[in-house]
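In: no sequence for this one, just the structure:
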């Protein structure tokens, strides 16, 4: 161990190498800032070359490495036990270029999502990825976890927004594939290896991201229905009638909606508490006048044709903010929980109604559960559960997992739609993936990181 | 060799195993049907299990395998020398399910693209991938080559349209990842390995494809400008003003346009021969009346604001067909060539004008070149060259390659935007990809197909 520390000290100045007491000011997750980071040391490289040199040293010493970005992940992906070298990309936070013709942003991995949003907005462009943790989440972590969020329906997940990548492999080799081009079928598309593999195959150091022309109209509405079949019908209806403009189609179950709209005037209910399901629809377009009229006409027809029981359209940008605040501010759910447990599952859209209902039915009979809330990106087949519990016992946690995950394999669902597997969901990977798939993942890991030093024991052991 | 043939004969009935003289009726490319297939044998499996059993036998005997789909590829991807076992997926042509709620099609690999189009259309749905060879190309080849085509701008390449995959690995292991879900971040996204790797990592046997609601409006127009900067300006203009509806933005150079519109009344020129660049713009939407009015207004404003010098909008569906026939029927170019040579390059959009001009300038000075035509999917940064030559000499071919490929590395371009590398472009892979990238590709190939039996010597040696 002494050898490696000496080598790292030779490489990085004192201020960018944390050890011993100086680790006390660091942490491994933004929700647990009071718990000091457990690590052999923490390093703050400022360039890809430094990342490469650090990994060469660690590789030589068979030294496990854990990578830190914005520390917002929800599956234990950034946790460490004490013997690891932790590398944080936070100093690599340059937005190197925004190219208005190619509509690309070239960035280092430590760039915070919200900073990127602000920079591209000034040029009339949009980086469409968006989710609650945008103020902390960094591009490197976003790519490594293939983040999703609120605009996947229209723009896709992170995987679809990455044109080029630079990654450092376990032995320090730099894979530079930083092209600004949309189409490149020259050999294997290697960037796919690093997107969504949770830092286990390489450390993403830079990326070329695809931008869009910024939309100039945004509309939103809440609709209410009493049965899940109507949700599917409305999704098809809006997708047919608003081709290319439908950007959000979020579903909120009755009891979740009641809680989301109960805590303050800022999240007052746009529709009354009379229905089983509430749907938040969003459109993004480029013709403000006609877009609004078109959307309004579609809402009216949905009511006239009894596809929806009630509907209300946002009449102003502040209404749109209000409508989204209800859906986005999950603190209105978790603030009232003694302990909480979150889920992020996906399945074919048609099966969501019955699956979630059966989860509710079974969860209601489990002692120790105090609240059950379901909501999510229904158009993507992705539902989140937030469950409040009276205690943190393993027994209760596992019992809840069994209910939520238990039926997913049979219906071709996934235990992780957006958040990844990390450490927390490893035991459930086999529900989503076959033995042959997991074996192939291990083959890849062994081929690309044969010493297993990168984010070890994430996804699988 | 006797051992392997005996085992294969035990597996497949006589009618689905071609050897010796019966190979004379088979071929390796639809453009060369008069050249008999060179192979040890050709096999027609009817199920994934049969593909698996065939590969197990071949793997045991270290037997090279070449995979056949619709035989429309343009890079020698389906060629064989005589010692290979050729597997054609043509009998595996079932459309197993079209799911209107999940908007997915579950298909076997041998399904022909046009058949899929027809089947989903009946349900009011769209599989957006579209290109000239749709009447022959099969889904397996389309996935293995990550095909692109005319609608990439709006819907993405094949990679973005595949939700689930089933593939058979070199040793016969079946990787079944046939989920109908849009979001799945549970471990490595293994399907990405098989998409675009040209059959070198596994044989795609089935897939779940993502469908879209069918658009109900389609509009098209030709515009003309005299400088490339105006092309980029117009692309941004239409992308801003037609958010989500812009589905095609094709560029045709002056001399190409003149030839494309010269051969018959069916491809008569919509705009006169007065300009340097002709742009074909297409929109797909869901509101026929307003979509047309909106598009027309955008065209008028483009003229009024002097962004375009001339423009003509299709007034009917048959006009739209006419406009596209000009762009799609490349026989109007190649029919007049003694010998032809095709290119499929990509680069950042802003650099296309000067790069292609410099290619024209240099090609015009090469003896033996008779025609030079450039056109392509400019919004995707993807340009095709078709070059007519008086002879097929290697010297001339390589001289032309040097001009077209020579400057791509410096500007971050690709020698293959859509068509892949196959056998024909292997020598140029290093222009698009770094030594480290190619080494990583080889690491992957070695890990996944250690005996190197699958489509050997494609992409790299």
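Out: Everything's here; your move. Keep in mind that what you see is a predicted model, and the values were worked out from it rather than measured. Residues are numbered from 1 along each chain as shown, chains lettered A, B, ... in the order given.
In: just the element for residue A:86, please.
Out: Assessed by DSSP states H and E, residue A:86 sits inside strand A:85-88.
In: surely residue A:360 and residue A:374 touch.
Out: Yes: applying C-beta atoms under 8 Å, one finds residue A:360 in contact with residue A:374, separated by 7.1 Å. C-betas here are computed from N, CA, C, even on glycine.
In: next, show the common contact partners of these two.
Out: residue A:253 (C-beta atoms under 8 Å, 6 or more residues apart in numbering or on different chains).
In: neighbour count: these two, which is higher?
Out: Higher neighbour count among residue A:360 and residue A:374: residue A:374, with 24 against 16, using other C-beta atoms under 10 Å in any protein chain shown.
In: the more buried one - that's part of a strand, no?
Out: Yes: counting by DSSP: H, G, I helix; E, B strand; the rest coil, residue A:374 is found in a strand.
In: okay, now the residue lying closest to it once chain neighbours are set aside: neighbour count?
Out: Closest residue to residue A:374 apart from its sequence neighbours, by C-beta to C-beta, 6 or more residues apart in numbering or on different chains: residue A:253 at 4.5 Å. Applying other C-beta under 10 Å, we find 22 residues neighbouring residue A:253.
In: what of the one 5 residues further on?
Out: Under the neighbour criterion other C-beta under 10 Å, residue A:258 is assigned a count of 14.
In: find the nearest non-adjacent residue to it, please.
Out: residue A:273 (5.6 Å).
In: one more: residue A:45?
Out: Of all residues not flanking residue A:45 in the chain, residue A:51 sits nearest, at 4.8 Å (C-beta to C-beta, 6+ apart).
In: what do you get for residue A:141?
Out: Spatial nearest neighbour of residue A:141, excluding adjacent residues (C-beta to C-beta, 6+ apart): residue A:69 at 2.9 Å.
In: check what pLDDT that neighbour gets.
Out: Note on residue A:69: pLDDT of 97.
In: can you count the residues close to the residue in the stretch 1-150 of chain A positioned nearest to chain B?
Out: Nearest to chain B in the stretch 1-150 of chain A, going by C-beta to the nearest C-beta, is residue A:101, at a distance of 3.6 Å. Residue A:101: 16 surrounding residues under other C-beta under 10 Å.
In: now it: which helix or strand?
Out: For residue A:101, there is no enclosing helix or strand under DSSP H and E.
In: check contacts around it.
Out: Contacts of residue A:101 (C-beta under 8 Å, 6+ apart): B:232, B:236, B:348, B:349, B:350.
In: out of those residues, which end up buried?
Out: B:232, B:236, B:348, B:349, B:350 (16 or more other C-beta atoms under 10 Å in any protein chain shown).
In: make JSON lines from the residues you listed and add pLDDT to it.
Out: Below are these laid out as JSON lines (pLDDT from 0 to 100):
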{"residue": "B:232", "pLDDT": "97"}
{"residue": "B:236", "pLDDT": "96"}
{"residue": "B:348", "pLDDT": "96"}
{"residue": "B:349", "pLDDT": "96"}
{"residue": "B:350", "pLDDT": "95"}
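In: between which two of those is the distance greatest?
Out: Farthest apart among the buried ones among the contacts of residue A:101 by C-beta to C-beta are B:236 and B:348. That separation is 14.0 Å.
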